[in-house]
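>>> Curious how this folds, go ahead:
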Amino acid sequence: MIISGWALYHTACFLAAGVGNLNEQRQEQFNQTLLNYVWLFIIISIIAGTIVYFYLTRRLLKPVRSLMHATELLKRGEYPEAITVSRKDEIGQLVEQYNELIEKLTKNEVERKKLVSDISHEFRTPLSNLNGYLLALKSGDITGDEQLFAALYQESKRLTSMLEQFDQLKKWDYTTSQTPYHKEKTAIHTLIQQCIAMFNWTLKQEKIAIDVQLEESSLSLHPEGIQQVVSNLLDNAIRYYQGTGAIYISGKVQQYQYIISITGPSENIPQMEQEKLFERFYRLDSSRSRETGGAGLGLAITKEIIDQHDGSITIRSSDNQNTFNVYLPIK
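Numbering: from 1, shown residues only. Now for the predicted structure:
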């Protein structure tokens, strides 16, 4: 800027010197006036440039400082509020991604606290029952009979079942793309038939008919995992069976995926509740689930396994029929 000012000044002086009708005094006066204006222009330009520079720098660094402050809070275990940003440049995109990260971390923290609370609640009831009865037996307030021992055994069995479900959930939670489970080419229709065979005695005892229609296909999958998926869904269909009619199980190839459908007569599930079914510990009817021994983990485990296979699961509930559809990619 200074160089430009001096260049302008000397150019003006050179042009003025070339005009023949200017005497030496007026030439000197002109040069001095021009020099003053040049200096004034330089000073004003420097001041204006400094103001603009600090304004732009402050505007640029404001979200960066907000990010630094937020990360400091995060280091201390606090979850900061989302940072307001209206910019569309790289800084704005960075802040938006940071806000998404904070939202996910906050959600995970809420779910973690809920999980701890739910685990405590789930174990407290059966343990309290066991401790109460055992203390009464020890003090002689009650005497043991076959019915009491059966009830105590049922509570113990429910605790064992929940522990097994926790173990299964942990197993699939730790499955990532970096540590995948071994998948192998498997005849999916045969695998489903094997799962159904394990429930034949239960179906006979409950006097429930079953209708099976399976198309043949081979998929790359984890056999134990998919077997658990089918078993969980069939177990639910039997456990919450209401009304009359058969349980329908079908498997069909549709484009590049294999669809497993399990339909059974049961109480309709409200639309608002359907998305929550796959959350951990979620139950439509706590008393009913406790009678049947459920802890609200079966469908969460099912969804986790399906996610690890790059598949999806949906539910359709109408006319007292609940249908679970599992979509597995054919690879």
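>>> Domains in this structure, by residue range?
Following the assignment in automatic domain parsing, the chain carries domains at 2-75, 90-173, 184-329.
>>> same question for the first one, mean pLDDT?
Right, the one you point to is domain 2-75. Domain 2-75 comes out with an average pLDDT of 70.
>>> Stretch 80-91 too?
Mean pLDDT, stretch 80-91: 76.
>>> Can you pull out the residues in contact with that stretch?
Under the contact criterion CB atoms under 8 Å, 6 or more residues apart in numbering, stretch 80-91 has outside partners 60, 63-64, 66-67, 69-70, 73-74, 92, 95-96, 98-99, 102-103. All C-beta spots, glycine's among them, are computed from the backbone N, C-alpha and C.
>>> Of these, which is the nearest to I119?
Among the contacts of stretch 80-91, E103 lies closest to I119 (CB to CB), at 24.6 Å.
>>> in which helix or strand would I find the closest one?
Assignment of secondary structure by DSSP states H and E places E103 within helix 90-139.
>>> swap in N232?
Since the elements are taken from DSSP H and E, N232 ends up inside helix 223-239.
>>> List the buried residues of stretch 198-209.
Neighbour-count burial for stretch 198-209, counted by 16 or more other CB atoms under 10 Å, picks out F199, L203, I208.
>>> Give me the distance between the last one and V230.
Spelled out, it's I208. According to CB to CB, to the nearest Å, I208 and V230 sit 16 Å apart.
>>> just to revisit the earlier point, hey, what's the angle from the helix or strand that the helix holding N232 is followed by to helix 223-239? Just curious.
Tracing the chain C-terminally past helix 223-239 and defining elements by DSSP H and E, one meets strand 247-254 next. Going by axes from the mean of the first three to the mean of the last three CA atoms, to 10 degrees, strand 247-254 is angled at 140 degrees with respect to helix 223-239.
>>> Touching the helix or strand just after strand 247-254 from outside, list them.
Elements were assigned by DSSP H and E; along the chain past strand 247-254, the next helix or strand is strand 257-265. Residues external to strand 257-265 that are found in contact with it (CB under 8 Å, 6+ apart): 188, 192, 217, 219, 229-230, 233-234, 237-238, 240-245, 247-253, 311, 320-330.
>>> per-residue confidence at the residue nearest in space to the middle of the chain?
For the chain, K104 is the residue whose C-alpha lies nearest the centre (CA atoms, centre = their mean; 7.4 Å). K104 carries a pLDDT value of 83.
>>> roughly how far apart are it and Q193?
Here the criterion is CB to CB. By it, K104 lies 41 Å from Q193.
>>> Helices of this structure, residue ranges please.
With DSSP state H, the ranges of helices along the chain come out as 2-17, 24-75, 90-139, 146-173, 188-197, 200-206, 223-239, 271-274, 286-292, 298-308.
>>> can you put those helices in CSV and add distance to Q213?
Converted to CSV, these look like this (distance: least, CB to CB, whole Å):
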stretch, distance to Q213
helix 2-17, 86
helix 24-75, 53
helix 90-139, 38
helix 146-173, 29
helix 188-197, 10
helix 200-206, 16
helix 223-239, 14
helix 271-274, 25
helix 286-292, 27
helix 298-308, 21
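>>> Nearest approach to H182 belongs to which of those helices?
Nearest of the helices of the chain to H182, taken as CB to CB: helix 223-239 at 9.6 Å.
>>> between that closest one and helix 298-308, how many degrees?
150 degrees.
>>> mind checking how far helix 223-239 is from the chain centre?
Relative to the chain's own centre, helix 223-239 is displaced by 23 Å; criterion: CA atoms, centre = their mean, to the nearest Å.
>>> For it, which outside residues touch it?
In this structure, residues lying in contact with helix 223-239 by CB under 8 Å, 6+ apart are 168, 172, 181, 184, 186, 188, 191-192, 194-196, 198-199, 202-203, 206, 208, 247, 249, 260, 262-264, 266, 292, 294, 298-299, 301-302, 305-306, 308-309, 322, 324, 326, 328.
>>> Could you pick out the buried ones from those?
Among those, those classed as buried by 16+ other CB under 10 Å are 168, 172, 186, 188, 191-192, 195-196, 199, 203, 208, 247, 249, 260, 262-264, 266, 294, 298-299, 301-302, 305-306, 308-309, 322, 324, 326, 328.
>>> remind me which residues of the stretch 201-331 of the chain are low pLDDT?
Filtered on pLDDT under 70, the stretch 201-331 of the chain yields the residue ranges 280-296.
>>> If we use 80, what do you get?
Per-residue confidence of the stretch 201-331 of the chain (counting by pLDDT under 80) places the weak regions at 270-298, 331.
>>> got the phi/psi numbers for G144?
For G144, the backbone dihedrals are phi -80, psi 140 (criterion: degrees, to the nearest 10).
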